[in-house]
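> Turn this into a structure:
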Amino acid sequence: MRAYWQLTLAQLRIFARNKQVLFFTLLFPVILMVALGSFVGGETSLSLTAGVVDRDGTDASKDLKDLFYENEGIETKDYKSVKAGKEAVESGDVQLLIEIPEGYGTSLEERDAAFTVPVYYNEKNLTTAELGLTAVNGIIDQYSKDLVDYQPLVTIEKVGIEALNIRYIDFLVPGIVAMMIMSNNMNGVAGQISAWRERGILRRMQGTRLKASTFIAAQITARLLLNGTQALLVVLIANLIFDINVAGSWLALIFFIVLGTLAFMALGFIIAGLAKNPESAGPIAGFVTFPMLFLGGVFFPINNMPDLIQPIVKVLPIAHLTSALRETMNIGTSFLALGTETLILGVWLVGGFAIASWVFKWE
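Modelled structure (predicted):
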């Protein structure tokens, strides 16, 4: 037990002495979080801009044009000619151009047939155009019904449901914490153990009565304290800058930070056992961690990924760590409801240390 505590304190002193590495290890996730959160962290909303060309110049066409100006969801601009409006659509100044042709007012007075109002859009930006066309169609459809005093036989009752207002920054912060845990443990453990092996430190430890289990336990304890402190600092900084709050239990959050640290430490020990020297440990760790950043739901929702890679994504430890952290922080899901995430991370933990004990080498 004495050897365990001495090794743990020694490892913490190593972290404390290397202030440059410690500073930038914490600084990078904070800078990434602040940068992404500042650009896209707020509530996302779609702004639609439409141009209107009134070629009819009657009271009826003015009434129709006023409908678009009065709609808060559409920013409306006036154009004197269809040509100028089309150029604005092509350049991206507006997403849509609504043309009110000559004869519009006369057609409404006579009401002999439905009148067509052309709406021009950019075919290269179909997503925004489709949403804009839907909005314009709804406005004109309602206006047409009001003109003829249309009374529908079936109506709907609008019942609002209060839902969670989750911003992108709320989604991002748990992912940043998971990324930090993965990077610190896989890259950090693999690089440090490989360096100690090359310098003969592990060989000298093997020559003593020190057990491998005591050495690994001390490494685990020191890195748990380091990772836990860093993760909590990131959450606190996110709370100060972006008003991020932990909706669930802090005990559940700490549990998943610990479980994730242990699981990725196991993978770090495997890489350290496979790497022949420190120079090869870094690329091997990067080869494993880099795909996980994009497949594990750190920056993007996992459900949006192609169906072809969904089976792969759903077994990655980073995917279940980010999911557990988000469920705990954003929604307040109870620990018992996150059994799947706990089980899969536990399997990675047990399986990882089993493989690590087999490939680990003192020399």
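
> Roughly how far does the residue nearest to Asn125 when sequence neighbours are not counted sit from Glu70?
Sequence neighbours aside, Gln95 is the residue nearest to Asn125 in space, at 6.8 Å (criterion: CB to CB, 6 or more residues apart in numbering). C-beta: built from backbone N, CA, C; applies to glycine. When distance is defined by CB to CB, to the nearest Å, Gln95 is 18 Å away from Glu70.

> Comparing these two, which residue is more hemmed in?
Between Gln95 and Glu70, counting by other CB atoms under 10 Å, Gln95 is the more crowded of the two (24 against 10).

> That one against Glu123, yeah?
No - taking contacts as CB atoms under 8 Å, Gln95 lies outside contact range of Glu123: 11.7 Å.

> anything in contact with each of these two?
Ala129 (CB atoms under 8 Å, 6 or more residues apart in numbering).

> Look through the protein and tell me its longest strand.
Longest strand of the chain, by residue count under DSSP state E: strand 48-54.

> Strands of the stretch 1-150 of the chain, start to end?
Counting by DSSP state E, counting those that start in this stretch, the stretch 1-150 of the chain has strands at residues 48-54, 74-78, 96-100, 119-121.

> which stretches of the stretch 151-300 of the chain aren't confidently modelled?
Along the stretch 151-300 of the chain, segments meeting pLDDT under 70 span 151-166, 201, 205-213.

> those helices in it, which residues are they?
168-198, 201-206, 212-242, 250-274, 278-295 (DSSP state H, counting those that start in this stretch).

> For the fourth one, what is the distance to the chain centroid?
Helix 250-274 has its average C-alpha position 21 Å from the chain's average C-alpha position, going by CA atoms, centre = their mean, to the nearest Å.

> Please point out which parts of it sit buried.
252-253, 255-274 (16 or more other CB atoms under 10 Å).

> Tell me the helices and strands packed up against that helix.
helix 168-198, helix 212-242, helix 278-295, helix 317-326, helix 339-359 (3 or more CB pairs under 8 Å, 6 or more residues apart in numbering; DSSP states H and E).

> Please apply the same query to the last one.
Contact here means 3+ CB pairs under 8 Å, 6+ apart; on that basis helix 278-295 packs against helix 168-198, helix 250-274, helix 317-326.

> Between the ones you listed, which one is closest to Thr289.
Ranking the helices and strands packed on helix 278-295 by proximity to Thr289 (CB to CB) places helix 168-198 first, at 5.5 Å.
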